[in-house]
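Chemist: Provide a 3D model corresponding to the input given below.
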Amino acid sequence: MSIIKSIVKLDIVNLLKKGRMYLILLGVLDLFILSFAFQVAFSISNGFSNHHFFWNHRVFLLFYVIMLPLWLLILMATGNSQIPRTRRYSRIFIQFLQFFFLNLITLFIVSFFVKTENITSVFLFLCAAADLFLMFALRVIEYRLFKVYRAKGHNYVNLAVIADGQSELFVNNLINNKEWGYRVLLLVTNSKLLKAKFGDKVKVISEKGFSTIKTLLEIDIVDEVIYCKGKNDYEKINDLIKWCEELGIIFRYTAQLNKVALTNGFITYLGNKPFITFANIPVNSIELTWKSFVDFFFSAIALLCATPIMLAISILIKLDSKGPVFFKQARVGLRGRQFYLYKFRTMVVNAEELRKKLDAINEMDGPVFKIKNDPRITKIGKFLRRTGLDEIPQLFNVLKSEMSLIGPRPPLLSEVKQYKRWQLRRLSIKPGITGLWQIQPNRNDIKFENWMRMDLEYIDDWSPKLDAVLLFKTVRTVILRTGS
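Modeler: Numbering: from 1, shown residues only. Below is the predicted model:
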C-alpha cells in the first residue's frame, strides 16, 4: 500500500486525468498484460524450449493479432474494462470469471478458423487462465490505486441523496468512504436521525419541500440523484425520473420487487447494493471510451501539426493590435462546471466593456449575443473568424478534458441563467468545438430554441459514427464558408 500512496503523492494520476490520458494508459496496460499472458501460455505449452517468443511463429502471431481486439471487446462486454468504485474483490473476480469463460469460447472458435495443429487445447486453456489471473491482478492494483486517489478528493461524482432512517448505513458509507469517489452535495430527508448525524457534514433539506429539490437540481452541479429510502414511493420516483431525464442527470433508486412504469432502466451497484438506474444521456462505456481516445489523439496530433500556423497567427495578432495573443473566457461545461475557454484574440482588449453599448443591436434571439460587422473585431480577427482559425487553441481545452471535439458549444454563465429547464440538458455532456449547429448554412439565422433542440438531438442520437460525420461536415463548412 505504501508504494501506491507514493505514486499518488507524485500526482501522476491527476496529471494523466487532465488529458484523459489515464484511459489510454489503462488500455495500454490491458494490452500489455494480455500479450504477456499469451506469451506465458505459449512458453508453458512448449515446455520453455528454445526460448522462443510467439511472434517468431507465423501461426501464433496471426492468432494473437486476431484475438487482440476480441480480448478488448470481451473485457468491455463483461464490464471489466473500467475501474469500479465500490465493488468487493470477490465480485470483481466473479466478473472476471465471466471474462474467462467467454474468452475460452472465443479462443476455441478462432482456433477452429485458423486450423493448425500447433494451437492445442492445452494452449487455449492456459491462455484463458493466464488472461484471467493476470488481468484480475492488474485490476486489483488499479482499483487500490484509484481508491487512494479518490480518497484525496479526485475523480469524484456529485450526488443528491433522498433517504430515510432505514438508509442510515448506506448514507454513512457514501459520505465517509471517500475512496468510493462520491461527494454528497445534498441530503434530502425527514429523518431526525440523519439530520442530526450528517447535518454538519452535508447540506440537508426536508423532503417536504419537494419543489425545492427540483430547483436545487437546476442550480447545483449534480451528476446523479440516488433514491435509497427503505420503501419506494413510485409516484415520486416517476416524477423524479422525468425531471432528471429532462436535465440530463443520472437517477438511481433501490432495486425492489416492484417495478416502476418505465422500461429503460438498468441494474447497477453502489456498495454492493443494487440500484435501478436511468440515464437520458450516452452511457455506453465502450463508445464513450472511444470518444475520449479520439478526442485526445486527434487534438494532440492537430496541435502538433498546427504549431507553425499558431506561431504565425500569434505574430500577426501582435502586429495588428495591442493586447495578448490568446483570449480566455469563463464558460459553462459538463453539469454546470465552469472552465476557461481559449481562443486566439479576435477583438480589441476592452471588447467586454464595449459590448454593453451594443446590446440594443443584438441580431440573435435568446440569451446569445452576436452581430454582423461587429466593430470590436480586429482586422486579423475578421480573417481568423471567417476561416475558423481562432478556434485552434480550444484543442488545449480538449486535451484538458474540459471539452470534446464534437458537442454543444460551451455557453456563458449569463446565458445559462436565462435557459429554460429543458435547455439545461445540453449541459449533460461535455461541450465541443463543433456540432450540429456549426455545420448549418447561415447558422446565425437559426432561432435560439431550434439551436438548443439541435444540441439535444445530438445528445439523443450520439454515436461515434455521428461524430465522424459531423467532423467531416465541419471541415467542408470551413472550406466552403457556408456557416457564417
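
Chemist: any weak-confidence spans in this protein?
Modeler: Within the chain, the stretches with pLDDT under 70 are 1-24, 48-51, 209-210, 256-264, 283-286, 363, 482-484.

Chemist: Spatially central residue for it, please.
Modeler: Leu288 (6.4 Å; CA atoms, centre = their mean).

Chemist: Could you give the separation of the one helix or strand that residue maps to from the chain centroid?
Modeler: Assigned by DSSP states H and E, Leu288 belongs to helix 285-320. Relative to its parent chain, helix 285-320 has a centroid offset of 19 Å by CA atoms, centre = their mean, to the nearest Å.

Chemist: residues of that helix that come out buried?
Modeler: Using 16 or more other CB atoms under 10 Å as the test for burial, helix 285-320 gives 287-289, 291-292, 294-296, 299, 303, 310, 313, 316-317. No exception for glycine: its C-beta is placed from N, CA and C like everyone else's.

Chemist: Out of those, name the two that are farthest from one another.
Modeler: Comparing every pair within these by CB to CB identifies Glu287 and Leu316 as the most remote, at 39.8 Å.

Chemist: Got phi/psi on Ile276?
Modeler: Torsion angles at Ile276 (phi, psi; degrees, to the nearest 10) stand at phi -90, psi 120.

Chemist: what does the one 5 residues further on give?
Modeler: Ile281 adopts backbone torsions of phi -140, psi 160, taken as degrees, to the nearest 10.

Chemist: Just confirm it contacts Ile459, I think it does.
Modeler: Yes - using CB atoms under 8 Å, Ile281 and Ile459 qualify as a contacting pair, with a distance of 6.2 Å.

Chemist: Now the common contact residues for the two.
Modeler: Common contacts of Ile281 and Ile459 (CB atoms under 8 Å, 6 or more residues apart in numbering): 248, 425, 428-429.

Chemist: any idea which of these is closest to Leu405?
Modeler: Lowest distance from Leu405 to those (CB to CB) belongs to Ile429, with 12.4 Å.

Chemist: Show me what the helix or strand hosting Ala330 is packed against.
Modeler: Here Ala330 sits within strand 326-332, counting by DSSP H and E. On a contact count with 3 or more CB pairs under 8 Å, 6 or more residues apart in numbering; DSSP states H and E, strand 326-332 meets strand 338-344, helix 413-416.

Chemist: Distance of the nearest residue to Leu354 once chain neighbours are set aside relative to Arg409?
Modeler: Excluding the flanking residues, the one nearest Leu354 by CB to CB, 6 or more residues apart in numbering is Arg376, at 5.3 Å. The spacing between Arg376 and Arg409, counted by CB to CB, to the nearest Å, is 20 Å.

Chemist: next one: Phe54
Modeler: On the measure of CB to CB, Phe54 and Arg409 end up 49 Å apart.

Chemist: Spell out which residues sit in contact with the residue nearest to Leu354, please.
Modeler: Residues in contact with Arg376 (CB under 8 Å, 6+ apart) are 347-348, 351, 354-355, 358.

Chemist: Whichever of those end up buried, select them in PyMOL.
Modeler: Those of these that count as buried under 16+ other CB under 10 Å are selected in PyMOL with:
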select buried, resi 347+348+351
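
Chemist: Secondary structure and distance to Ile74 added to the contacts of Arg376, as TSV?
Modeler: As requested, the contacts of Arg376 are exported to TSV (DSSP: H, G, I helix; E, B strand; the rest coil; distance: CB to CB, whole Å):
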residue	secondary structure	distance to Ile74
Met347	strand	52
Val348	coil	57
Ala351	helix	54
Leu354	helix	59
Arg355	helix	55
Leu358	helix	58
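
Chemist: Pull the most distant pair out of the contacts of Arg376.
Modeler: Put simply, by CB to CB the two of the contacts of Arg376 set farthest apart are Val348 and Leu358, 12.5 Å from each other.

Chemist: rewinding a little: indicate each strand paired with the strand holding Ala330 and its parallel or antiparallel sense.
Modeler: Note on strand 326-332: by DSSP bridges, its sheet partners are strand 338-344 (antiparallel).

Chemist: roughly how far is the partner strand from the heart of the chain?
Modeler: In terms of CA atoms, centre = their mean, the centre of strand 338-344 is found 19 Å from the chain centre.

Chemist: follow-up on the earlier one: out of the contacts of Arg376, who's nearest Lys420?
Modeler: Taking CB to CB as the measure, Lys420 lies nearest Arg355 of the contacts of Arg376, at 23.6 Å.

Chemist: That closest one against Phe369, yeah?
Modeler: Yes - Arg355 is within contact range of Phe369, at 6.7 Å (criterion: CB under 8 Å).
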